[in-house]
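K.L.:
I need the structure of the sequence given here:
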Amino acid sequence: MNHELLNLSLAMIAVATRSVRAPHTPWWGRLIRKFLVAAFPIGQHIMFDLEVSGRPNLSNPDGTLVVANHKTDFDIIILGPKLYRARNGTGKGIAFVAAERMFLPGYLSDYVLHRPQWLRRLIYPANLSAVLKAIRAYPIGYLHGRKLKAHLRTVLEIIGNVPVGDLFSRSVQEMIPGAKATTHISGVLRFRYHRALDREREFSVFAPEIRRKLRTQHVRETLDALARFAAVLDEGDPLYIAPEGGLEKDGKFEEAKAGLIRIVKMARNPNVLPMNITYDFMTTGRQRAFLTIGKQLHRVKELPGLEKKVINAVSRLGTITFSQLAAVGMWTLAMRGQLIHAGALKQAIIQTALRLVGEGYRVDTHVLAAKKFAKRWRRFISYCKRNQMLDTVGAWILFDPNKLFQPAEDGTVPPWTYAMNEFESIVDATKTAILMEAEQEAPVP
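P.N.:
Numbering: from 1, shown residues only. Modelled structure (predicted):
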């Protein structure tokens with residue numbers, strides 16, 4: 001089903017969603033939510049040195065869509081308690097748009113617990129779906145692709161436990177290395193094949209008849225999920241969404257998935273509350289983390305270019321960190337050779353921070369405090385050495401200019417590039433916002 005047909009379907013069911021009731025939390029789900037709200041600040045304190053700005057903006061009027069960027073799977077440890085304890089108590093009814101992968105067996109094993117191997121294998125069958133839904137977190141998947149394990153579980157549901165050789169338009173070895181074509185679906189939904197099962201696959205990898213049934217079922221589930229989210233807003237509860245649909249892999253917030261706009265279209269009169277979370281990650285010990293809460297965007301259904309406005313609003317709230325300033329300084333100084341004096345990099349960091357503060361940017365105040373800067377510098381150098389990003393000889397910093405900002409073989413961007421991209425996104429979003437504000441204030445001829 002193409003985008004035009006899906007949008008038509010959304011328009012046709014928009015009226016029907018008025019009768020859809022938002023699911024509510026059972027008593028045991030409320031207990032779990034209270035426990036998590038109490039426990040998360042403990043984990044938050046252990047892991048992060050958190051600074052929160054814009055608390056008065058977290059008022060959560062009826063039908064607020066809370067929109068934030070998505071840096072790590074630990075974002076919820078920072079965001080969850082703040083949203084739950086929102087002013088006027090309205091945050092207690094908050095619901096969460098969650099990635100479909102969290103509701104599949106293997107989530108704990110693949111994304112949370114990385115070792116030991118025997119424990120990962122043991123907990124692989126664990127399914128958090130019931131618990132997540134009980135605390136008002138509900139799944140939504142990508143429209144054009146899903147994890148292979150999600151596809152296979154849908155086949156089990158609508159067709160049955162058929163041999164995997166009957167499913168694909170490609171060879172079984174290409175899709176699930178090590179599996180036999182005669183093996184039934186239940187036989188491959190195991191830890192042994194978890195790497196293949198965790199890959200994103202489009203519907204095109206399946207045989208035509210299987211593909212048609214899978215796509216029809218997935219569109220139906222997507223529409224049901226969107227109706228559920230719209231119902232949450234229509235009943236006056238806040239709804240949290242990270243519209244990127246996944247983690248930021250390169251430090252940029254460039255694209256919002258279509259779910260954001262479709263939820264806005266289906267809800268009656270939603271507001272949007274932009275939020276930004278930034279981590280000062282190039283460090284040892286506790287990371288500095290910054291949660292910035294922006295101002296409400298009202299009457300968003302009438303706003304032209306809503307997606308770009310939301311992306312810009314979220315990006316503009318970012319904080320300039322030591323990591324970003326160090327990456328910018330390294331980039332500038334690295335153009336001059338393979339040696340950088342530590343004093344030159346320190347000076348570049350401080351001068352850039354002072355300039356940005358003067359221009360009105362949010363800059364971590366620790367950068368401009370002498371004792372805190374010295375401690376942060378030591379942790380920065382330790383992090384870089386541990387990750388083989390540079391070395392030092394006395395007061396000189398040594399590095400390989402050919403590898404400094406080059407991506408890894410698997411395409412993963414290095415920390416330098418990630419931090420540089422964060423910096424540029426904040427600067428670009430701020431410049432764009434200033435330009436847009438100037439255009440709005442300009443007299444109409």
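K.L.:
mind listing what's buried in stretch 281-292?
P.N.:
Using 16 or more other CB atoms under 10 Å as the test for burial, stretch 281-292 gives 281-283, 287-292. Every residue, glycine included, has its C-beta placed from N, CA and C.
K.L.:
which one among those gets closest to Arg201?
P.N.:
Checking these against Arg201 with CB to CB, the nearest one is Phe281 at 30.5 Å.
K.L.:
where does the chain have its least confident helix or strand?
P.N.:
helix 3-14 (a mean of 42; mean pLDDT, DSSP states H and E).
K.L.:
can you name the element that comes right after that helix?
P.N.:
Following helix 3-14 in sequence order, the next helix or strand is helix 27-47 (DSSP states H and E).
K.L.:
which other helices and strands contact that following helix?
P.N.:
If you count contacts as 3 or more CB pairs under 8 Å, 6 or more residues apart in numbering; DSSP states H and E, helix 27-47 packs onto helix 75-84, helix 129-134.
K.L.:
and the ones you listed, which one is worst for confidence?
P.N.:
Of all the helices and strands packed on helix 27-47, mean pLDDT reaches its minimum on helix 75-84 (a mean of 85).
K.L.:
show me the strands in the protein, by range?
P.N.:
Under the criterion DSSP state E, the chain contains strands at 48-53, 64-68, 95-99, 137-140, 145-147, 200-202, 239-241, 271-280, 287-293, 339-341, 391-393, 396-398.
K.L.:
residues touching the first one, excluding its own?
P.N.:
In this case it means strand 48-53. For strand 48-53, the external contacting residues (CB atoms under 8 Å, 6 or more residues apart in numbering) are 44, 77-78, 82, 279, 286-293, 319, 362, 364.
K.L.:
mind redoing it with 7 Å?
P.N.:
44, 78, 82, 286-293 (CB atoms under 7 Å, 6 or more residues apart in numbering).
K.L.:
can you give me every residue that contacts Gly106?
P.N.:
Applying CB under 7 Å, 6+ apart, one finds that Gly106 lies in contact with 124, 149, 194, 197.
K.L.:
swap in 6 Å and give it another go.
P.N.:
Neighbour list for Gly106: 124, 194 [criterion: CB atoms under 6 Å, 6 or more residues apart in numbering].
K.L.:
pLDDT score for it?
P.N.:
89.
K.L.:
also Ser19?
P.N.:
At Ser19, pLDDT is 44.
K.L.:
again, but for the one 4 residues further on
P.N.:
You'll see Pro23 listed with a pLDDT of 67.
K.L.:
one step back: dump the buried residues of stretch 281-292 into TSV; add distance to Ile350 and pLDDT as well.
P.N.:
Listed next are the buried residues of stretch 281-292 as TSV, based on distance: CB to CB, whole Å; pLDDT from 0 to 100:
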residue	distance to Ile350	pLDDT
Phe281	20	95
Met282	17	96
Thr283	17	96
Gln287	21	94
Arg288	17	95
Ala289	22	96
Phe290	19	96
Leu291	25	95
Thr292	23	95
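K.L.:
what would the residues you listed look like in JSON lines with distance to Gln217?
P.N.:
Listed next are the buried residues of stretch 281-292 as JSON lines, based on distance: CB to CB, whole Å:
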{"residue": "Phe281", "distance to Gln217": "39"}
{"residue": "Met282", "distance to Gln217": "44"}
{"residue": "Thr283", "distance to Gln217": "46"}
{"residue": "Gln287", "distance to Gln217": "41"}
{"residue": "Arg288", "distance to Gln217": "45"}
{"residue": "Ala289", "distance to Gln217": "39"}
{"residue": "Phe290", "distance to Gln217": "41"}
{"residue": "Leu291", "distance to Gln217": "38"}
{"residue": "Thr292", "distance to Gln217": "40"}
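K.L.:
which one of these is nearest to Ser171?
P.N.:
Distance to Ser171 across these (CB to CB) is lowest for Phe281, with 40.5 Å.
K.L.:
next one: the closest one from Thr352, what distance?
P.N.:
Distance of Phe281 to Thr352, computed by CB to CB, to the nearest Å: 18 Å.
K.L.:
and the contacts of strand 48-53, which two are the farthest apart?
P.N.:
Arg286 and Ile293 (21.8 Å).
K.L.:
thinking again about what came up before, will you turn the strands of the chain into JSON lines that also has distance to Asp250?
P.N.:
Below are the strands of the chain laid out as JSON lines (distance: least, CB to CB, whole Å):
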{"stretch": "strand 48-53", "distance to Asp250": "22"}
{"stretch": "strand 64-68", "distance to Asp250": "18"}
{"stretch": "strand 95-99", "distance to Asp250": "18"}
{"stretch": "strand 137-140", "distance to Asp250": "23"}
{"stretch": "strand 145-147", "distance to Asp250": "20"}
{"stretch": "strand 200-202", "distance to Asp250": "17"}
{"stretch": "strand 239-241", "distance to Asp250": "21"}
{"stretch": "strand 271-280", "distance to Asp250": "15"}
{"stretch": "strand 287-293", "distance to Asp250": "19"}
{"stretch": "strand 339-341", "distance to Asp250": "24"}
{"stretch": "strand 391-393", "distance to Asp250": "25"}
{"stretch": "strand 396-398", "distance to Asp250": "24"}
